[in-house]
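> here is the input, now give the coordinates:
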Amino acid sequence: MKRTLQVVLAFLSLLPLIFGGLSFIYGAALFAPASGVTPKLDSQYRFVAAWELCLTFIVWWIIPQIEHQTVLFRLICLVVCLGGLGRVIAWLAVGSAGPGFLAVTVLELSIPLLIPWQAQVAKQVPSEA
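Just a heads-up that it's a prediction; the model follows:
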């Protein structure tokens, strides 16, 4: 159960690694025509991309001892879910970003479903007496 959760987290962490890395390198022009990218938008976009990359590194840091990282794991799940809610708000405010972003949004909003799984893994740890 623990090993499977670790593998799932490692696999899921590839998304923010890849897209955060590409976004950090290429900026907002990755998804928008360069002519429409303002310096403020590009600056903010790359800043958020750096946070996305750091989130990946934090996930990698907790994976080896996931059974002992309940609070941090739940916080990460909350952050990812809030990001998904931000995408929903963007969709409602300015329209759909397309099917790829819809799939990512569904995944982000579903991340809290991993919390009970991690709780089960944490319960299986022998208590120290």
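
> got the contact list for Ser96?
Leu102 (C-beta atoms under 8 Å, 6 or more residues apart in numbering). Bear in mind the C-beta positions are built from the backbone N, C-alpha and C, glycine included.

> so what does it have for phi and psi?
phi -70, psi 140 (degrees, to the nearest 10).

> pLDDT weak spots in the protein?
The model of the chain has pLDDT under 70 over residues 127-129.

> which parts of it are helices?
Using DSSP state H, the helices found in the chain span residues 2-12, 14-26, 39-62, 70-94, 99-110, 115-123.

> redo those helices as JSON lines? Include mean neighbour count and distance to Pro33.
Shown next, in JSON lines, are the helices of the chain (neighbours: other C-beta atoms under 10 Å; distance: least, C-beta to C-beta, whole Å):
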{"stretch": "helix 2-12", "mean neighbour count": "14", "distance to Pro33": "30"}
{"stretch": "helix 14-26", "mean neighbour count": "16", "distance to Pro33": "13"}
{"stretch": "helix 39-62", "mean neighbour count": "15", "distance to Pro33": "12"}
{"stretch": "helix 70-94", "mean neighbour count": "14", "distance to Pro33": "16"}
{"stretch": "helix 99-110", "mean neighbour count": "14", "distance to Pro33": "17"}
{"stretch": "helix 115-123", "mean neighbour count": "15", "distance to Pro33": "39"}
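
> any idea how far stretch 8-22 is from the chain center?
8 Å (C-alpha atoms, centre = their mean, to the nearest Å).

> check stretch 57-64 too.
Worked out by C-alpha atoms, centre = their mean, stretch 57-64 lies 12 Å from the chain centre.

> may I have it exported as CSV, CA atoms only?
Taking C-alpha atoms only, stretch 57-64 is exported to CSV below (Å, rounded to 0.1, in the frame of the first residue of the first chain):
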residue,chain,number,x,y,z
PHE,A,57,10.8,18.9,-5.0
ILE,A,58,8.7,19.0,-1.8
VAL,A,59,6.7,16.0,-3.0
TRP,A,60,9.9,14.2,-3.8
TRP,A,61,11.2,15.0,-0.3
ILE,A,62,8.2,13.5,1.4
ILE,A,63,7.8,10.4,-0.8
PRO,A,64,10.4,8.2,1.0
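
> sounds good, over and out.
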